[in-house]
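Novice: This is the structure alone, sequence omitted:
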C-alpha cells in the first residue's frame, strides 16, 4: 500500500509556471506507475500524465503535451509535474495516483490517490 501527499499548488497568472510534487510513503514506491489527474468544478476527473515505475516511459493528454512534464525520483519517493505556459483552462484540483497495473490513463486503474492540490490560473 502507498500513501500520497501532493504539494506545490497555488495561484498563477496565465503563461506562468508551477511545479507540483507528490510524496509517497512506503518502500515499494519504485514498483508503481504514477499518474496525474485533474478535476475542474462540475467536471469529471481527467487524465493529465503518467510515468512508468522506472521513469522510462511517459504519456500525456493532448491538452498538456508540450507544456507539462512528468518526472520521478525514486530515491526520494516523489513524482513531479512541471507545468509551463499555464492557461486558465488548466485551473483544477490536481491529484496524483499510483497503480501497479494497467496502461495508466484511466481513473479506475488507480487504487491509490492523494488528497489533491488546487491550481488556479488567472487570465
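Specialist: Yep, that arrived. Since the structure is predicted, the reported quantities are computational estimates derived from the model, not experimental observations.

Novice: Dead centre of this structure: give me the residue that sits there.
Specialist: Most central in the chain under CA atoms, centre = their mean is residue 36, positioned 2.4 Å from the mean C-alpha point.

Novice: For it, report the pLDDT, please.
Specialist: Residue 36 carries a pLDDT value of 98.

Novice: Now the residue nearest to it when sequence neighbours are not counted: which helix or strand?
Specialist: Among residues not flanking residue 36 along the chain, residue 48 sits closest, at 4.3 Å (CB to CB, 6 or more residues apart in numbering). C-beta coordinates here come from the backbone N, C-alpha and C atoms, glycine included. Per DSSP states H and E: residue 48 is located in strand 45-51.

Novice: still on that earlier bit, list the contacts for the residue nearest to residue 36?
Specialist: By CB atoms under 8 Å, 6 or more residues apart in numbering, the residues touching residue 48 are 35, 36, 37, 38, 60, 61, 64, 68, 81, 94.

Novice: Point out the other helices and strands that the one helix or strand the second one maps to packs with.
Specialist: For residue 36, the element it lies in under DSSP H and E is strand 33-39. Counting contacts by 3 or more CB pairs under 8 Å, 6 or more residues apart in numbering; DSSP states H and E, strand 33-39 is packed against strand 18-24, strand 45-51, strand 68-73, strand 78-83, strand 92-99.

Novice: what comes into contact with the last one?
Specialist: Strand 92-99 is contacted from outside by 2, 4, 6, 9, 20, 22, 24, 29, 32-40, 43, 45, 48, 79, 81, 107, 109-119, using CB under 8 Å, 6+ apart.
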